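A.B. asks: Coordinates for the following, if possible.
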Amino acid sequence: VLFVSYRTHSNFYSYSLVINSIKTANITQRGSLAKLFAKHMKLKEQTEMMKSRVVSIAVGTPARVKALLDAEAFSLENTLVCVDATFQDSKARTMFQLKEINLALCQLLQTHILPALFEGTNICLY
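C.D. replies: Numbering: from 1, shown residues only. As a prediction, the model looks like this:
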């Protein structure tokens, strides 16, 4: 399961999305959780980590997820992709309304997620 989110945030709605997505994905193999945010690890370190272990659930920003997909750190094959645009900043803007996030999200959708959708990947947009 791959969650694409504006930032790490905690609210009941986001947690319910995670739980429902995990149930939908029917994860049977044990794997780790990966936080794909720039502030947690450098891109090179995250690329090596994603290539070296089984990750069942990954959460990341559009820009970091796209960078990792471009580096072929993982693929969207057999992946449930959830894009969570429910978070709002202090001015009530979502990631679709923030220019710096919107550009990365559109590039991610165009180059990776939409092609994967046509190949059978399950996509959830919230």
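A.B. asks: hey, let's count contacts and neighbours off CA atoms from now on
C.D. replies: OK.
A.B. asks: any idea where the helices of the chain begin and end?
C.D. replies: Assigned by DSSP state H, the chain shows helices spanning 12-25, 43-52, 62-70, 99-108, 114-118.
A.B. asks: could I get those helices as CSV with mean neighbour count, distance to Lys91 and mean pLDDT?
C.D. replies: CSV is the format used below for these (neighbours: other CA atoms under 10 Å; distance: least, CA to CA, whole Å; pLDDT from 0 to 100):
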stretch, mean neighbour count, distance to Lys91, mean pLDDT
helix 12-25, 14, 19, 57
helix 43-52, 14, 30, 92
helix 62-70, 20, 20, 91
helix 99-108, 16, 14, 88
helix 114-118, 14, 29, 87
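A.B. asks: Chain neighbours aside, what residue packs nearest to Glu72?
C.D. replies: Nearest non-adjacent residue to Glu72, counting by CA to CA, 6 or more residues apart in numbering: Thr47, 7.9 Å away.
A.B. asks: ok, back up a step: would you mind putting the helices of the chain into CSV with distance to Ser32 alongside?
C.D. replies: CSV is the format used below for the helices of the chain (distance: least, CA to CA, whole Å):
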stretch, distance to Ser32
helix 12-25, 13
helix 43-52, 10
helix 62-70, 17
helix 99-108, 23
helix 114-118, 23
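A.B. asks: Out of the ones you listed, the one nearest Ala34 is which?
C.D. replies: helix 43-52 (8.0 Å; CA to CA).
A.B. asks: Check what pLDDT Val59 gets.
C.D. replies: With respect to pLDDT, Val59 scores 82.
A.B. asks: Give the burial count for it, as a bare number.
C.D. replies: For Val59, the count of nearby residues is 23 (other CA atoms under 10 Å).
A.B. asks: Can you give me the neighbour number for Phe37?
C.D. replies: Per other CA under 10 Å, the neighbour tally for Phe37 reads 21.
A.B. asks: which residues sit in contact with it?
C.D. replies: Shown in contact with Phe37 (CA atoms under 8 Å, 6 or more residues apart in numbering): Arg7, Val59, Gly60, Thr61, Arg64.
A.B. asks: mind redoing it with 7 Å?
C.D. replies: Phe37 makes contact with Gly60, Thr61, Arg64 under the criterion CA atoms under 7 Å, 6 or more residues apart in numbering.
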